[in-house]
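Chemist: here is my input; please provide its structure:
(chains A and B)
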Amino acid sequence: MSLRLRIYLNTILTIAFILAIVSLVVVQYENQRKALVNKNIIQELTAELVPLSFVTSDYLALLGEPGQAQWQAQFERLRTLSQQNETISSALSPHMLSIEEKFGVLVELADTAGDTEISAGHQAALRHAASSLNQDLQETARDLGVLHSATQAELLRVQRNTLLATIITFALLSALLIVVADSYFRFILHPLNHLVNGVTALEQGDFDHQMPVDSGSGSLQSTNELGQLAVAFNRMSKQLQLTMNDLQQELATNLAITERLGKSEERMSSIFRVAPTGIGLVLDRVIMDANSRICEMTGYMKDELIGQNARFLYPSQEEYEFVGSEKYRQIAEGGTGEVETRWLTKDGTVKDILLASTPLDADDLTKGVTFTALDITERKKAEEYIRNMNEVLEGMVQKRTIELQKANEDLRSFAYSISHDLRAPLRAIDGFSRILIEEYAEELTPEAQRYLNLGRENAITMGNLIEGLLEYSRTGRQALHLQMVEPETLVRTVLADLQHEYPDHSANIIIGKMPACRADAMLLKQVYQNLLQNAYKFTNTKPSSQIEIGCDMMEQQSIYYVKDDGVGFDMRYADRLFGVFQRLHGMTEFEGTGIGLAIVQRIIHRLGGEVWCEAEPDKGATFFFTLNPPQGLTNE
Amino acid sequence: MNKNPKLIEILLVEDNPNDEELTLHALQKHKVINTIHVVRDGEEALDYIFCQGKYSHRSFTNPPTVILLDLKLPKVEGLEVLRQIKRDDRTRTIPVVVLTSSQLERDIIESYRLGINSFVTKPVEFGEFTRAVSEIGLYWALLNQPMPTQEVD
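Modeler: Below is the predicted model of the structure:
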């Protein structure tokens, strides 16, 4: 049962017992009092009997009215006394009546006696009545005595009962108290002890401790409040245990995280501190943080920088303001800003600084701006130096260019002069010789004419040589006008000219498909001119010949060719072919200055290509050339 | 170019005596009979054309019919002479044939830009030379009647 009930019961029982005891006490007291009262009455009655007897005697003596009244008064007193208690009253009332009666008789006798001499008989009757009265009185006294003893015995008995009852009740009370105490111990103290132990254990961190519930005497009972408390407490313990576990896990995790964070923080901090570039944090132009490098760069200690407005780092107000406005403008536009500026160090030197900034939060500049500062003094010096060098070089280049241009110009006018001045005498030689031959033929012997002709021929040869040289020179110097050209078009033009020049030449011309190419049209035409002229020249000895012009389109480049089946040449001498004035045939066999192929080679090289040939004596020759380097490389 | 047929005048501006002789020979040979006046340098050419200096007796109303101009000249270059002729309204309309041994493009372009009528490269071979000159000569000869007499300075 619940403690409350138990306590109620215990309390009620105790109260009941107490009431019982009290009532018992009261009852016994009452009994005792009654008994005492009776005893007192009896004692008083007894005491009052004596006077009555005296009074009776008195009356007998006197037999008068006062005596009677006295006797009656006394008797009344007695009667009143006896009537105080019913037992006594009932015990004494016959006596009382008898006494009264006998007195009455006495009185009557007395009265009848009169004042005279009382007769003997009368006196005898009086004495008889008086002795009867005294007898009654004695009986009454005797009864009173008996009553008194009874009362005494009653009193003793009551006292004895009282004592017994008291003993019994106290015994019972003790038993009750023992039960209560037991109850108290068993249902309160021990459980409480368990509770205390439990709490103590919990306090000491033992969450596993479970308080014993329903496990026997002295343990907590789940039926009562303490037991329920214990149960709840046990539950709480378990819960605490779980929570504790969770907390411990969380703590462990947190510790791990904290450690990681700590390491990361450490690393970040280190990076910040020792970074080879100055790094810092600024808020509204006030320096909030700066790393060692900044300190090195500026010569200030860290605590001289933190909290200060950056103004003191700048050599002038304009510089400071320029950096501010420029930087914030850049940040507003592109999120980050970089500006070259100058800083004033503690010892007064001015350094060139590359200052880059990014706000920590692009949308909230109040979180601050992180900046890096790089000392570019050396770099700027180097730049200055390079700039100066460039200017110097530029000047030199310009000078050289002018010199080159001048040289080129000189060369040009030189060539011009050669062209003009060297040809004039040749013209004269040729011209006058011609006049001689034509107009003075009759006066000249055939031998003389032959000599003159030889002279003329040589003049012509010289002219051709000069022409060839000038040509060769020009192909090297003139500017390239690159464009997309169709080789076929050029070839046909050249062929048309050649047909004109060699009208008797019957050659089978085959023109293959040739891709358009990027080249100088005039120079390429020159190439075909020279190659085709050679083809014509060296097939002229044959009655019929074939000239093939085309292109092998390979993967990486196109190889153009001009092929003839003419007189050919020995490949052993092929490397001399492209030399200036080099000829593999005598002047008497084929005319020509030997400059044509040299010109071709020069042009092809200028156009970024290569030229080579394959030939066999009497089988003909094929000249190959490419225009651009293989795919993947750039040409000029 | 409506000219008095009697006064066909050729101004030959040539410094080289050989070339001069050959030119004259060619013209004569092909019967280009006109009045040929020869000047030997650019300055003299300008004096002649602009009727100044030693030719101040000349008048603009009587310009040469054609000028055969060599480009390489002493004192004043042929191109400069050409420039001056073409710059002046009084002389711009005179036909100019440039005789030169130069094949340089620059000259060609320059000459055409300045509005010459013909450009002939003096070839080394005499036949070409005479043919070139005579073509010009014949052209004018066709247009004009040949004079019976010729004066050569």
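
Chemist: quick one: average pLDDT of the lengthiest helix in chain A?
Modeler: Counting residues, the longest helix found in chain A (DSSP state H) is helix A:120-183. Mean pLDDT, helix A:120-183: 80.

Chemist: cool, and stretch A:398-406?
Modeler: 84.

Chemist: could I have the CA atoms of that stretch written out in PDB?
Modeler: Extracted C-alpha coordinates of stretch A:398-406, given in PDB (Å, rounded to 0.1, in the frame of the first residue of the first chain):
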ATOM      1  CA  GLN A 398      65.200  52.700 -85.600                       C
ATOM      2  CA  LYS A 399      68.700  53.800 -86.400                       C
ATOM      3  CA  ARG A 400      69.500  50.400 -87.900                       C
ATOM      4  CA  THR A 401      66.300  50.400 -89.800                       C
ATOM      5  CA  ILE A 402      67.100  53.700 -91.200                       C
ATOM      6  CA  GLU A 403      70.500  52.500 -92.000                       C
ATOM      7  CA  LEU A 404      69.100  49.400 -93.600                       C
ATOM      8  CA  GLN A 405      66.500  51.400 -95.500                       C
ATOM      9  CA  LYS A 406      69.300  53.600 -96.600                       C
END
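
Chemist: can you list the buried residues in it?
Modeler: Within stretch A:398-406, no residue counts as buried by 16 or more other C-beta atoms under 10 Å in any protein chain shown. C-beta: built from backbone N, CA, C; applies to glycine.

Chemist: what packs against the longest helix of chain A?
Modeler: Helix A:120-183 is packed against helix A:3-62, helix A:86-113, with contacts defined by 3 or more C-beta pairs under 8 Å, 6 or more residues apart in numbering or on different chains; DSSP states H and E.

Chemist: now the last one: buried residues?
Modeler: Pointing back at helix A:86-113 there. A:88, A:91-92, A:95-96, A:98-100, A:102-103, A:105-107, A:109-110, A:113.

Chemist: circling back to that earlier point, just the angle between the longest helix of chain A and helix A:86-113, please?
Modeler: Calculated by axes from the mean of the first three to the mean of the last three C-alpha atoms, to 10 degrees, helix A:120-183 forms an angle of 170 degrees with helix A:86-113.

Chemist: could you give the average pLDDT over the following helix or strand past helix A:120-183?
Modeler: Sequence order places helix A:190-203 as the next helix or strand after helix A:120-183, per DSSP states H and E. Per-residue pLDDT over helix A:190-203 has a mean of 83.

Chemist: poorly predicted segments of chain B, please.
Modeler: B:1-8, B:29-34, B:100-112, B:115-153 (pLDDT under 70).

Chemist: equivalent analysis for the stretch 201-350 of chain A, please.
Modeler: Checking the stretch 201-350 of chain A against pLDDT under 70 turns up A:217-218.

Chemist: ok and the residue in it nearest chain B?
Modeler: For the stretch 201-350 of chain A and chain B, the shortest gap (C-beta to the nearest C-beta) falls at A:Glu340, measuring 50.1 Å.

Chemist: strands along the chain, start to end?
Modeler: In the absence of a named chain, chain A is used. Along chain A, counting by DSSP state E, strands occupy A:278-283, A:286-290, A:337-344, A:350-359, A:369-375, A:482-485, A:507-511, A:517-520, A:545-553, A:558-564, A:611-616, A:620-625.

Chemist: actually it's chain B I care about, not the one you picked
Modeler: Using DSSP E, strands in chain B cover B:9-13, B:35-39, B:66-70, B:96-100, B:118-121.

Chemist: pull out the buried residues from the third one.
Modeler: In this case it means strand B:66-70. B:Val66, B:Ile67, B:Leu68, B:Leu69, B:Asp70.

Chemist: surely the first one touches B:Thr93?
Modeler: No: the pair formed by B:Val66 and B:Thr93 falls short of the contact definition of C-beta atoms under 8 Å, at 11.4 Å.

Chemist: returning to that earlier point: beta partners of the residue of the stretch 201-350 of chain A closest to chain B?
Modeler: A:Leu354 (DSSP bridges).

Chemist: and for the closest residue to A:Asp421 other than its chain neighbours, the neighbour number?
Modeler: Excluding its sequence neighbours, the residue lying closest to A:Asp421 (C-beta to C-beta, 6 or more residues apart in numbering or on different chains) is B:Lys72, at 7.9 Å. Using other C-beta atoms under 10 Å in any protein chain shown, B:Lys72 is surrounded by 21 other residues.

Chemist: how about B:Lys72, phi and psi?
Modeler: For B:Lys72, the backbone dihedrals (degrees, to the nearest 10) come out as phi -90, psi 100.

Chemist: thanks a lot, catch you later.
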